[in-house]
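# Based on what follows, work out the 3D shape:
(chains A and B, ligands or ions: 5)
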Amino acid sequence: MSKANNNIRPGRLGPAEIEKNFSDLHPPLSRSEALIEADRCYFCYDAPCTTACPTGIDIPGFIQKIRSDNLRGSARTILQENIMGGMCARVCPTEILCEEACVRNTHEDKPVEIGLLQRYATDPVFSDNTQLFSRAASTGKKVAVIGGGPAGLSCAHRLAVLGHDVVVYNRDDKLGGLNEYGIAAYKTVDNFAQREVDYILSIGGIEVRTGVSLGSEFSLQELRDEYDAVFIGLGLAAVNELGLDNEDLEGVESAIDYIRDLRQSDDLGELPVGSRVVVIGGGMTAIDIAVQSKRLGAEQVTIAYRRGAGQMGASEFEQKLAQTSGVAIRHWVVPKSIAETDDGLQIELQGSQLGDDGRLQTTGESTTLLADVIFKAIGQKMGGHDLDGIEMERGRIVVDENRATSLEGVWAGGDCGVDGEDLTVSAVQDGKVAAIAIDRSLRNG
Amino acid sequence: MADLNSEFLGVTSPNPFWLASAPPTDKAYNVNRAFEAGWGGVVWKTLGEDPPIVNVNGPRYSALHSNERRVIGFNNIELITDRPLKTNLDEIRQIKRDWPDRAVVASVMLPMNEESWSKYIPIIEDTGADAFELNFGCPHGMSERGMGAAVGQVPEYVQMATEWAKKAATIPVIVKLTPNVTNIVLTAKAAQDGGADAVSLINTINSIMRVDYDTLTMFPTTDGMGTHGGYCGEAVKPIALNMVAEIARNAETARLPISGIGGITDWRDAVDFLALGASNVQVCTAAMVYGFKIIDDLTDGLSNFLDDKGMASVSELVRKATPSVTDWQYLNLNHVSKAVIDQDLCIKCGRCHVVCEDTSHQAITNTVNGERRFEVIDDECVGCNLCVSVCPVDSCITMQPMTEGIDARTGKPITNEVANWTTHPNNPMRKS
Ligand SMILES: Cc1cc2nc3c(=O)[nH]c(=O)nc-3n(C[C@H](O)[C@H](O)[C@H](O)COP(=O)(O)OP(=O)(O)OC[C@H]3O[C@@H](n4cnc5c(N)ncnc54)[C@H](O)[C@@H]3O)c2cc1C
Ligand SMILES: Cc1cc2nc3c(=O)[nH]c(=O)nc-3n(C[C@H](O)[C@H](O)[C@H](O)COP(=O)(O)O)c2cc1C
Ligand code: SF4
Ligand code: SF4
Ligand code: SF4
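Residues are numbered from 1 along each chain as shown, chains lettered A, B, ... in the order given. Ligands and ions are numbered 1, 2, ... in the order given. As a prediction, this is how the structure comes out:
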């Protein structure tokens, strides 16, 4: 039985404040800013930043084109390696990817702002809808793509460019996957996720079927029979549970579900927000739910993570963002129990440490926190799909370097792949690599 | 503190920095501001016969920019003064009265007939100006009318007009040379033969800045049409330095005093000109780009530099580097330098590798023992200095002369013996 909690309510902040809190986290560069920043690039040989980019964008190449005012060429250099170069410019944790590798760090401790330059180069393509790609002559081959997230769309686009016809099967009504339903709102403002989807589809040759789920409306076997090849980019549809009693109490929520509502909301002021919020987890999702709760007007937001700052899945930049947004991060605590009190929920946190064997153990100390809302953000996993007996490992699909699975004619990538790095950019790379491999196989086969 | 007081042809100024004849010296208002800011002297905007010329009413200037929009080169199609002669003369007289310690030089441009010179030179001298500068350099507009560079490009005309000026003047005469010639020594010599007390150089270089990418006309235009202008600013300094050094090291012109002009922006540029042959310097573009305040760094930087060098005055610096300039044929071909990379400073951008690999001698690694690492391969390095030129880190790559051992590239031992092209076995014209 649950009691209505008056501490959870909409409208904690006025519209002006909400708008400010959810505006662009990194506003775009002006032309002058971009030219000055582009001038900082050394045009490195075998550039370390390119090596560090999961999609291998020729970074000095696109920056050089910004310098020469060849923005269309610059955008093409980016998008031909990474069709979601626009989204990646906004959401990539560049501080652990390209910008970490930039040689300017050695020279002056300040990398070239590659992400912002990438956005500067690509923004016009999306606002003007400039088609930069054309399709090769039709091969007459048909490929099914399951899942229209970054992995699936990247695969579909590359296949379409290479002359194949593609059908995308997507559970959600909108394409884009977590770009549309997951990424923090202030990273992708102005409906960019859908504008990017529209751009990707505008190449032609990609048929979209939404609201259809593997396992309900169709099976993998059917697609394998009907198509020349299948790519699986399902993402991770289920969330991990804490494994505690009372996890179904009202107020104990999945961060992913809440973010989904947030991203789809027309009026953020109408979302119910708790006064005291506790977030369990240490990854990007934990940071995002904590920061967004705070920006919606939550009074106290605490992240409880079972290990130290260095082990957090969220990058240093993300952790700093949380802290400067007023989120408290408590390290080395494990949730032990959740109970309901007259003053909301009570969560007991046990101290933790690494044992001599390197495994996490509890210290015996414990504290309790009162909360109106407890968000679970301890990771996602694949839903229990029937995948025709495909080889799995640690709950994800096993793929080789071409993203081929153990099943003939089936490729997979993105978060559902066993090597998935849970980054948009890696999902895009998986889709691209798989498409190239599929193309090779269809042409030879 | 070093003494910056300067004397050029007996004309004194509190420092060796004059503003060159150009918009910064166009009228009393500007010149007052310049002297208040601390400039040592001015060469007044070139005077001409009445009625005054007219300028276009559209863009006179355009610039070559870096991405950060720093002005690297500057182009202009302005003519000489467009104000009546009397106005200029009255102002020069007043300025000289108000600023007796500053140098005020009158720049003049007159038609190629002696009457004009004998008529105007005394009138202008009467203002109290300290010296004349003859503008034989303006490369646009005036040259179409047989003046400026049209005179400066023909040594005989230079000599003739200089003689006319000298005959009419009692104060020193400086001849300002145009760089739009194949051999600057010839026109410098002609000025000297005409009796010039000194030369100043360079005036501007014929130039077109670029094309307008929308209209595909040259840029900028006056109502759709454009004309070449004169190029100046930082980008022209190396050209000017060579010309100054040529005059200073040529036996026939070596005694001719030089006022150095062309791209001077900070005190180091002034050091370049002074050390290579100039006795003082003139500045135009830098003032037009940054305003008169740059005189602070020019004087302060030069003074600190002289102190560091233990030099008491500017004159000790003058021509210090001139003897180091020679002909290619006299360079020591036995000398060997190799590039050396300071691995602690290297940021691993790989620029040195790719340029040496693509365009020089394949003498820099990109990988050593599987690691990204850039090292010079002495067996291949010809010491060309390309890598040093492109490395973004100051002093990270240096050229180090070899003093002993064997040059790994040629297998020849390093020797103290000097040998140049004049005696080289491959030289069919060798002397012995
Ligand atoms: C809250 C949050 C924040 C994040 N922030 C960032 C960030 O800032 N930067 C970053 O790089 N990465 C971030 N990530 C990770 C990134 O979003 C993912 O790595 C990326 O979206 C994975 O792409 P995907 O295509 O593999 O899967 P998804 O994006 O999950 O897409 C899966 C698609 O498959 C469809 N689907 C699911 N099940 C079925 C089914 N049964 N049948 C048919 N279709 C189905 C879905 O509708 C969806 O369109 C974040 C993730 C989360 C959860
Ligand atoms: C706009 C402009 C007008 C100029 N007008 C004259 C002039 O009237 N007489 C003259 O002798 N030189 C003139 N010059 C040339 C300058 O005096 C100077 O020789 C040249 O610009 C090179 O020096 P800088 O690089 O410091 O500008 C002019 C230059 C500029 C930029
Ligand atoms: S590492 Fe930095 S400086 Fe080098 S190419 Fe990449 S962005 Fe440019
Ligand atoms: S000096 Fe020239 S040849 Fe030697 S390493 Fe540098 S670029 Fe190569
Ligand atoms: S150019 Fe300079 S900084 Fe770059 S790799 Fe070479 S030595 Fe290192």
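
# use CA for all of it now, contacts and neighbours both
Will do.

# all strands for the stretch 51-200 of chain B, in order.
Using DSSP state E, counting those that start in this stretch, the strands of the stretch 51-200 of chain B run over residues B:61-65, B:71-76, B:103-108, B:131-135, B:173-176, B:198-201.

# partners of the third one in the sheet?
Take DSSP bridges as the rule and strand B:103-108 pairs in its sheet with strand B:41-47 (parallel), strand B:131-135 (parallel).

# re the thing from before, so for residue B:404, which of the strands of the stretch 51-200 of chain B sits nearest?
Closest approach to residue B:404 among the strands of the stretch 51-200 of chain B is made by strand B:71-76 (42.0 Å; Cα to Cα).

# before we move on, back to that, deepest of the strands of the stretch 51-200 of chain B, which one?
Most buried of the strands of the stretch 51-200 of chain B, by mean neighbour count (mean count of other Cα atoms under 10 Å in any protein chain shown): strand B:173-176, with a mean of 30.

# now the strands: where do they sit in the stretch 1-150 of chain A?
According to DSSP E, counting those that start in this stretch, the strands that the stretch 1-150 of chain A contains are A:142-146.

# Residue ranges in it under the pLDDT threshold?
The stretch 1-150 of chain A contains residues with pLDDT under 70 at A:1-4.

# Report the closest residue of it relative to ligand 5.
For the stretch 1-150 of chain A, the residue positioned closest to ligand 5 under Cα to the nearest ligand atom is residue A:44, at a distance of 7.7 Å.

# could you point out the longest helix in chain A?
helix A:424-444 (DSSP state H).

# Quick check: buried residues in that helix?
In terms of neighbour count (16 or more other Cα atoms under 10 Å in any protein chain shown), helix A:424-444 has its buried residues at A:424-439, A:442.

# same for that helix, what does it pack against?
If contacts are counted by 3 or more Cα pairs under 8 Å, 6 or more residues apart in numbering or on different chains; DSSP states H and E, helix A:424-444 sits against helix A:85-91, helix A:150-161, strand A:410-412.

# Residue A:355 and residue A:361 touch, don't they?
Yes: contact status for residue A:355 versus residue A:361: in contact at 6.0 Å, counting by Cα atoms under 8 Å.

# more crowded one of these two?
Legend: neighbour count by other Cα atoms under 10 Å in any protein chain shown for residue A:355 and residue A:361, higher for residue A:361 (17 against 11).

# Am I right that the more buried one is in a helix?
No: assigned with DSSP: H, G, I helix; E, B strand; the rest coil, residue A:361 falls outside any helix and is strand.

# So it sits against residue A:350, correct?
No: the criterion here is Cα under 8 Å, and residue A:361 misses it with residue A:350 at 9.8 Å.

# Now the common contact residues for these two.
Residues touching both residue A:361 and residue A:350 (Cα atoms under 8 Å, 6 or more residues apart in numbering or on different chains): none.

# helices and strands of chain B: which one bottoms out on pLDDT?
None of the helices or strands of chain B scores lower by mean pLDDT, DSSP states H and E than helix B:149-152, at a mean of 92.

# what does chain B have sitting close to chain A?
Counting by Cα under 8 Å from any Cα of the partner chain, the positions of chain B adjacent to chain A are B:67-68, B:347-351, B:353-354, B:392-393.

# Within reach of ligand 5, which of the residues you listed are there?
B:347-351, B:392-393 (Cα under 6 Å from any ligand atom).

# where along the stretch 201-350 of chain A do the strands fall?
Assigned strands in the stretch 201-350 of chain A, in chain order: A:206-210, A:229-232, A:238-239, A:252-254, A:276-280, A:300-304, A:328-330, A:333-341, A:344-354 (criterion: DSSP E, counting those that start in this stretch).

# Next up, the contacts around residue B:196.
Listed by Cα under 8 Å, 6+ apart, the contact set of residue B:196 reads B:162-163, B:166, B:172-175.

# Hmm, residue A:396 is touching residue A:413, no?
No: with contact defined as Cα under 8 Å, residue A:396 does not count as touching residue A:413 (9.9 Å).

# Of those two, which one has the most company?
Taking neighbours as other Cα under 10 Å, residue A:396 and residue A:413 compare with residue A:413 leading, 35 against 21.

# wait, what's in contact with residue A:67?
By Cα under 8 Å, 6+ apart, the contact list for residue A:67 reads A:35, A:38-39, B:67.

# what about residue 144, neighbour count?
Defaulting to chain A. Residue A:144: 25 surrounding residues under other Cα under 10 Å.

# wait, I meant chain B there
By the criterion of other Cα under 10 Å, residue B:144 has 11 neighbours.
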